[in-house]
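A.B. asks: Quick one: sequence and predicted model below, then my questions.
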Amino acid sequence: MNVIELKNIVKTYDMGVAQQVQALRGVDLSIGKNEYVAIMGPSGSGKSTLMNVIGCLDTPTSGSYHFNGVSVGDMDDNALARIRNKEIGFVFQTFNLLGRSDSLHNVELPLIYAGVPSGERRRRAKETLEHVGLGDRTHHKPNELSGGQRQRVAVARALVTRPSIILADEPTGNLDTKTGEEIMRLIEDLHRQGNTIILVTHEADIAEHAHRVVRLRDGLIETDEKVNKRKTYSAVS
């Protein structure tokens, strides 16, 4: 069974004064468990809109979306919030960290929303920071960390709820090449451990890390191809 099943997804934005923008124009996409998929496309192709629909951050105008066999359109707000908090881990280009909070608090935030007791969530947050190589940065605030370290904190926050799917939206966009490669090694490691990875990028060298590349253009899937792996990394210690 596919974990993601989209059929004829349309997303139209009302821009006012009888003007509409059709960001997605009938997308069919299936993603299986433990796949590593890159979604590519030029600016305005619909890739970020598609990511938001997959992540239950936005609702399609029409079409059907089944997540683990269950219709997302039939879910209430609580069920959607549970998917966003428990089933999917989000990694963003801009990190989205709380500037006044240390790494530990930033990572434990999803567990606070999930109602996990204080001692348990702090233990899990610390373990997850250690997993991404930041066990010695638990009490550092974002402005005390490098760009790569901040993105590692963001990855730890995405992992702390133990999700099955990681959605990464341009995760290396604000990083230099060397640091970006380090983050991609970490994502590769997560895939080897069994996570389904969905990566949105406009950079071909980043998409090369995936096993399948879906290219969008003008709100439609232009190509959907398996790729030969050209980049292989050892696990991150």
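C.D. replies: Perfect, thanks for sending it.
A.B. asks: going forward, measure contacts between C-alpha atoms and count neighbours the same way
C.D. replies: OK.
A.B. asks: what's around residue 205, how many residues?
C.D. replies: Residues contacting residue 205 under the criterion other C-alpha atoms under 10 Å number 12.
A.B. asks: looking at this, it is in a strand?
C.D. replies: No - under DSSP: H, G, I helix; E, B strand; the rest coil, residue 205 sits outside any strand and is assigned helix.
A.B. asks: Quickly note the distance from it to residue 104.
C.D. replies: Residue 205 sits 32 Å away from residue 104, going by C-alpha to C-alpha, to the nearest Å.
A.B. asks: Then residue 17?
C.D. replies: Distance from residue 17 to residue 104, by C-alpha to C-alpha: 46 Å.
A.B. asks: The two - which one has more neighbours?
C.D. replies: Using other C-alpha under 10 Å as the criterion, residue 17 and residue 104 rank with residue 104 on top: 27 against 6.
A.B. asks: How is the residue nearest to the more buried one when sequence neighbours are not counted assigned, secondary-structure-wise?
C.D. replies: Among residues not flanking residue 104 along the chain, residue 138 sits closest, at 5.0 Å (C-alpha to C-alpha, 6 or more residues apart in numbering). Three-state call for residue 138 (three-state DSSP): coil.
A.B. asks: neighbours around residue 138, how many?
C.D. replies: Using other C-alpha under 10 Å: residue 138 sits among 18 other residues.
A.B. asks: cool, and residue 145?
C.D. replies: 14.
A.B. asks: ditto for residue 77
C.D. replies: When neighbours are counted by other C-alpha under 10 Å, residue 77 comes out with 9.
A.B. asks: ok, so what distance separates it from residue 85?
C.D. replies: From residue 77 to residue 85 the distance is 12 Å (C-alpha to C-alpha).
A.B. asks: Need the CA coordinates for stretch 206-217. PDB is fine.
C.D. replies: The C-alpha trace of stretch 206-217 is given here as PDB (Å, rounded to 0.1, in the frame of the first residue of the first chain):
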ATOM      1  CA  ILE A 206      20.500  17.900  -4.600                       C
ATOM      2  CA  ALA A 207      17.800  15.900  -6.500                       C
ATOM      3  CA  GLU A 208      20.600  13.400  -7.400                       C
ATOM      4  CA  HIS A 209      20.500  12.100  -3.800                       C
ATOM      5  CA  ALA A 210      16.900  10.800  -4.400                       C
ATOM      6  CA  HIS A 211      16.000   7.500  -5.900                       C
ATOM      7  CA  ARG A 212      13.100   9.000  -7.900                       C
ATOM      8  CA  VAL A 213      12.700  12.400  -9.400                       C
ATOM      9  CA  VAL A 214       9.200  14.000 -10.100                       C
ATOM     10  CA  ARG A 215       9.400  17.100 -12.200                       C
ATOM     11  CA  LEU A 216       6.600  19.600 -12.300                       C
ATOM     12  CA  ARG A 217       5.800  22.300 -14.800                       C
END
